[in-house]
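Undergrad: fold the following for me, if possible:
(4 chains)
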Number of protein chains: 4
Amino acid sequence: MSDGPVATEKLQELISRGPFNRWLNFTVLKADDDGVEIKAAWREEWVVNPERRYTHGGILAAIIDVAADYAIAAQLGRPVPTVDIRVDYHRAAMPGDLTAKARVVRMGSQYSTAEAYLYDKDGALVASGRGTYFTAQPK
Amino acid sequence: MSDGPVATEKLQELISRGPFNRWLNFTVLKADDDGVEIKAAWREEWVVNPERRYTHGGILAAIIDVAADYAIAAQLGRPVPTVDIRVDYHRAAMPGDLTAKARVVRMGSQYSTAEAYLYDKDGALVASGRGTYFTAQPK
Amino acid sequence: MSDGPVATEKLQELISRGPFNRWLNFTVLKADDDGVEIKAAWREEWVVNPERRYTHGGILAAIIDVAADYAIAAQLGRPVPTVDIRVDYHRAAMPGDLTAKARVVRMGSQYSTAEAYLYDKDGALVASGRGTYFTAQPK
Amino acid sequence: MSDGPVATEKLQELISRGPFNRWLNFTVLKADDDGVEIKAAWREEWVVNPERRYTHGGILAAIIDVAADYAIAAQLGRPVPTVDIRVDYHRAAMPGDLTAKARVVRMGSQYSTAEAYLYDKDGALVASGRGTYFTAQPK
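TA: Down below sits the predicted model:
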């Protein structure tokens, strides 16, 4: 399906092409046979509650989706369409960079499953999830 | 559990308090016993793919989460923490405002389920989903 | 994709071919453009807790999956593989027949989304859910 | 929250109390700080398709739900109500015993997340999933 994981630089280039991914400030930290590690640099607009200042769940969902997608991209050489996603919220994500670790659960010829775990700047798990991705060959 | 749906103006005020919700440009169009209808005004940063220009799935997930949450807020008078969410992507969401229709599936004393359907500016269904929300009384 | 809903008798014949579906005692009550309605006849083995005697969540998940699948089958003329499913549990399902109402959320050429709502013998909603189904043409 | 994992024998006793769990023929193989391992012994009624003879997705969902629940039970000393569950199907599960490995993703005072991976008799991954469980103290 591939000759092995796609180089980190190539993934960084792919992820930086999209305006929303750039807005999420992604840095691809690592990509190997075990999956990918991706950092999103915090920005003030992520806040959902102005007093308590934790991060909006939609931001966490977006990061988990992208990380799981890029675990697949690390094998296929391209990001793929998300079919559906599930995200579980574990604790409030306070201001600070977030790092996702993602891996492929099963690679299939038509659709695939990948999962991601999201950590705050102190290493605490703030959210996790999994998605189905459409991995059929583009025609 | 409530004396009936919370006024649209009150929901608009609640939703506009959060920086990310303001960034998503939400307008509460309707709130009654059947649920809520919420519009998000498109912005250029939402694009995931610079050539094909459709909207990032994370944006759609965020809107679905907020709409489902506000279907609950329309009954409880306050938005509630999301426990988990599932989002299904149905078709590419091209540039343009998006409108979500959401309703409570089951209101419970500890946790509740709500669902939302998201439409593009031409009325086509682009995504839908459901989530579990934490609705226990704050202590 | 089809000339319209498949006849109820045809769906009943399809659903009754599988041993586990027979064990779940399915009767197809209705099938039309709005979806399907399917009854599962209660059996003692469904109990999860011998004192409180409510139904095992795995049974409710199975019924929701089958109902959503047959909402698609009503259009395609055949049941299809489940890619993934989400089920929300709303209240304990006490002994008695269960009836599911299911409909297609979006029919696609590669994968589709369907949802189902499950009611106890008194009409109370006990569970609901949605799944992604693989609807590409068999080769 | 507990003095450590509950003994395997205690979990076996708890799991065998329910009629449907007995019908699923569960054996608790292992329970320690990393989670639980549970085997379900195959039975003819599990078949969904009489020609191809693979296992019904509802059976796989039930096993995943029970395994994830018992990963929590191994810490709390009791199984807990399932709030919602997601199951991904990876490949057809042919006749034969199935073994689930499950672990707690996050233990919370109100609700918790656990995940499970399900393998066929040859060790191939056939399904996986995760659920939200209600872990508040019973009153």
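
Undergrad: tell me how far the residue in chain A sticking out farthest from the centre lies from residue C:45.
TA: Relative to the centre of chain A, the most outlying C-alpha is that of residue A:51, 27.5 Å out, by C-alpha atoms, centre = their mean. Using C-beta to C-beta, to the nearest Å, one obtains 52 Å as the distance from residue A:51 to residue C:45. In this view, the C-beta of every residue, glycine as well, is placed from N, C-alpha and C.

Undergrad: ditto for residue A:116
TA: 38 Å.

Undergrad: likewise for residue A:48?
TA: From residue A:48 across to residue C:45, the span is 46 Å (C-beta to C-beta).

Undergrad: equivalent analysis for residue A:106, please.
TA: In this view, residue A:106 and residue C:45 are 31 Å apart by C-beta to C-beta.

Undergrad: so which of the two has more stuff around it?
TA: Legend: neighbour count by other C-beta atoms under 10 Å in any protein chain shown for residue A:106 and residue C:45, higher for residue A:106 (18 against 15).

Undergrad: which residue sits closest to the more buried one in space, ignoring its chain neighbours?
TA: residue D:90 (4.3 Å; C-beta to C-beta, 6 or more residues apart in numbering or on different chains).

Undergrad: and the pLDDT for the one you found?
TA: The score at residue D:90 is 98. That number is its pLDDT.

Undergrad: what of residue A:32?
TA: 89.

Undergrad: name the SS class of the nearest residue to it once chain neighbours are set aside, please.
TA: In space, not counting the residues next to it along the chain, residue A:32 is nearest to residue A:5; the distance is 5.3 Å by C-beta to C-beta, 6+ apart. Look at residue A:5: counting by DSSP: H, G, I helix; E, B strand; the rest coil, its state is coil.

Undergrad: how about residue A:5, what does it touch?
TA: By C-beta atoms under 8 Å, 6 or more residues apart in numbering or on different chains, the contact list for residue A:5 reads A:31, A:32, A:33, A:74, A:75.

Undergrad: weed out the non-buried ones from these.
TA: Buried members of the contacts of residue A:5, scored by 16 or more other C-beta atoms under 10 Å in any protein chain shown, are A:31, A:74, A:75.

Undergrad: looking at it, the first one is touching residue A:77, isn't it?
TA: Put plainly, it is residue A:31. No: using C-beta atoms under 8 Å, residue A:31 is not in contact with residue A:77; the gap is 11.2 Å.

Undergrad: what distance separates the longest helix along chain A from the centre of its chain?
TA: Longest helix in chain A by number of residues (criterion: DSSP state H): helix A:57-76. Distance, stretch centre to chain centre, for helix A:57-76: 2 Å (C-alpha atoms, centre = their mean, to the nearest Å).

Undergrad: the next helix or strand along the chain from that helix to helix B:57-76, inter-axis angle?
TA: Next along the chain after helix A:57-76, taking DSSP states H and E as the criterion, comes strand A:82-89. Angle of strand A:82-89 versus helix B:57-76, following axes from the mean of the first three to the mean of the last three C-alpha atoms, to 10 degrees, is 50 degrees.

Undergrad: which residues of chain A fall in helices?
TA: Counting by DSSP H, the helices of chain A are A:8-15, A:19-23, A:57-76.

Undergrad: quick one: the first one to helix A:57-76, angle?
TA: For helix A:8-15 and helix A:57-76, the angle between their directions (the same axes, to 10 degrees) works out to 130 degrees.

Undergrad: now helix A:8-15 - C-alpha only, CSV.
TA: The C-alpha trace of helix A:8-15 is given here as CSV (Å, rounded to 0.1, in the frame of the first residue of the first chain):
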residue,chain,number,x,y,z
THR,A,8,7.5,14.1,8.3
GLU,A,9,8.4,17.0,6.0
LYS,A,10,6.0,15.8,3.3
LEU,A,11,3.2,15.5,5.9
GLN,A,12,4.0,19.0,7.2
GLU,A,13,3.7,20.3,3.6
LEU,A,14,0.4,18.6,3.1
ILE,A,15,-1.1,19.7,6.4
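
Undergrad: which parts of chain A sit against chain D?
TA: Proximity of chain A to chain D, by C-beta under 8 Å from any C-beta of the partner chain, involves residues A:86, A:88, A:90, A:91, A:105, A:106, A:108, A:113, A:125, A:128, A:130, A:132.

Undergrad: so which of those belong to strands?
TA: A:86, A:88, A:105, A:106, A:113, A:125, A:128, A:130, A:132 (DSSP state E).

Undergrad: got a ChimeraX select line for the buried ones in the residues you listed?
TA: Filtering these down to the buried ones (16+ other C-beta under 10 Å) takes a single ChimeraX command:
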select /A:86,88,105,106,113,125,128,130,132
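
Undergrad: check the ones in strands among the residues of chain A next to chain D against residue C:98 and report the nearest one.
TA: Proximity of these to residue C:98 (C-beta to C-beta) peaks at residue A:86, which lies at 24.6 Å.

Undergrad: most packed of the helices of chain A?
TA: helix A:57-76 (a mean of 27; mean count of other C-beta atoms under 10 Å in any protein chain shown).

Undergrad: quick one: is that helix near chain C?
TA: No: against chain C, helix A:57-76 shows no contacts by C-beta under 8 Å from any C-beta, the least distance being 13.2 Å.

Undergrad: hmm, that helix touching chain B?
TA: Yes: using C-beta under 8 Å from any C-beta, we find that helix A:57-76 touches chain B at A:57, A:58, A:59, A:61, A:62, A:63, A:65, A:66.

Undergrad: in those, find the pair that's most separated.
TA: Top of the distance list for the residues of helix A:57-76 next to chain B (C-beta to C-beta): A:57 and A:66, 14.9 Å.

Undergrad: OK, contacts around residue A:130?
TA: Contacts of residue A:130 (C-beta under 8 Å, 6+ apart): A:68, A:85, A:86, A:105, A:113, A:114, A:115, A:116, D:86, D:88, D:130.

Undergrad: oh sorry, the question was meant for residue A:128
TA: A:64, A:87, A:88, A:90, A:115, A:116, A:117, A:118, D:105, D:106, D:113.

Undergrad: one more: residue A:58?
TA: Here residue A:58 is in contact with B:20, B:24, B:58, B:59, B:61, B:62, B:63, B:65, B:66 (criterion: C-beta under 8 Å, 6+ apart).
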